[in-house]
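Undergrad: Build the 3D model from these lines:
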Amino acid sequence: MVVDDEEDVRTVARDILEDSGFTVLTASDGVEGVETFRLHAQEIVAVVLDMTMPRMGGEEAFRAMREIRKDVVVLLSSGYNEQD
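TA: Numbering: from 1, shown residues only. Model (predicted):
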């Protein structure tokens with residue numbers, strides 16, 4: 001699953017993962033990501049999770065996903081540039 005508020009990032013990540021043979025779910029923010037994870041928790045192999053998103057950030061979404069399934073593999077990512 002790919003959770004990112006930037007549509008271009010979701011699209012590129014989804015395309016790369018699908019080209020590698022994965023079926024990919026996407027979500028546009030942490031709230032949607034947690035809900036999607038809740039619905040598909042047993043079939044999700046890993047989550048690519050943006051740290052900076054509206055409504056619910058990556059850290060909070062990560063904690064919520066871990067409450068649903070403790071062994072979920074999560075790759076935390078961020079395009080945030082502190083100088084910007």
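Undergrad: secondary structure class for Ala13?
TA: helix (DSSP: H, G, I helix; E, B strand; the rest coil).
Undergrad: And for the one 5 residues further on?
TA: At Glu18, secondary structure determined by three-state DSSP is helix.
Undergrad: what's near enough to touch the closest residue to Ala27 other than its chain neighbours?
TA: Counting by C-beta to C-beta, 6 or more residues apart in numbering, Gly33 is the residue found nearest to Ala27 once chain neighbours are left out, at 3.8 Å. The way it works is simple: take the backbone N, C-alpha and C, and place the C-beta from them, glycine included. By C-beta atoms under 8 Å, 6 or more residues apart in numbering, the contact set of Gly33 is Met1, Val3, Ala27, Val47, Leu49, Met56, Ala61, Met65.
Undergrad: one more time with 10 Å, if that's ok
TA: Going by C-beta atoms under 10 Å, 6 or more residues apart in numbering, Gly33 touches 1-5, 25-27, 47, 49-50, 53, 55-56, 58, 61-62, 64-65.
Undergrad: And Asp71, by the same measure?
TA: Taking C-beta under 10 Å, 6+ apart, one finds nothing in contact with Asp71.
Undergrad: Over to Met56?
TA: The neighbours of Met56, taking C-beta under 10 Å, 6+ apart as the test, are Val3, Asp29, Gly30, Val31, Glu32, Gly33, Val34, Ala64.
Undergrad: got the buried residues for the lowest-mean-pLDDT helix or strand in the chain?
TA: Using mean pLDDT, DSSP states H and E, strand 73-77 stands out as the lowest-scoring helix or strand of the chain, at a mean of 92. Buried positions in strand 73-77, judged by neighbour count with 16 or more other C-beta atoms under 10 Å: Val74, Ser77.
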